[in-house]
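# have a look; sequence and predicted model below, questions after that.
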Amino acid sequence: MILVLLGTQNNSFCRLLEEIEKLLQNKTITQEVVVQARLHEISIK
């Protein structure tokens, strides 16, 4: 499992989440990914 901790600040980490999504889609990451985030306007597929 990969744990991504983004904290509770108002900073956006959309680029990080988008890159993780790409890595999941192309099967570079095959493990489960758990993200702890406050509010981000991104939809992980």
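Thanks, I have it.
# what about the residue nearest the centre of the chain, which SS state?
Nearest to the mean C-alpha position of the chain, by Cα atoms, centre = their mean, lies L17 at 3.4 Å. The three-state label given to L17 by DSSP: H, G, I helix; E, B strand; the rest coil is helix.
# so which elements touch the worst-scoring helix or strand of the chain on mean pLDDT?
Lowest by mean pLDDT, DSSP states H and E among the helices and strands of the chain is strand 33-36, with a mean of 89. If you count contacts as 3 or more Cβ pairs under 8 Å, 6 or more residues apart in numbering; DSSP states H and E, strand 33-36 packs onto strand 2-5, helix 14-25. (Each C-beta comes from the backbone N, C-alpha and C, glycine too.)
# change it to 6 Å
strand 2-5 (3 or more Cβ pairs under 6 Å, 6 or more residues apart in numbering; DSSP states H and E).
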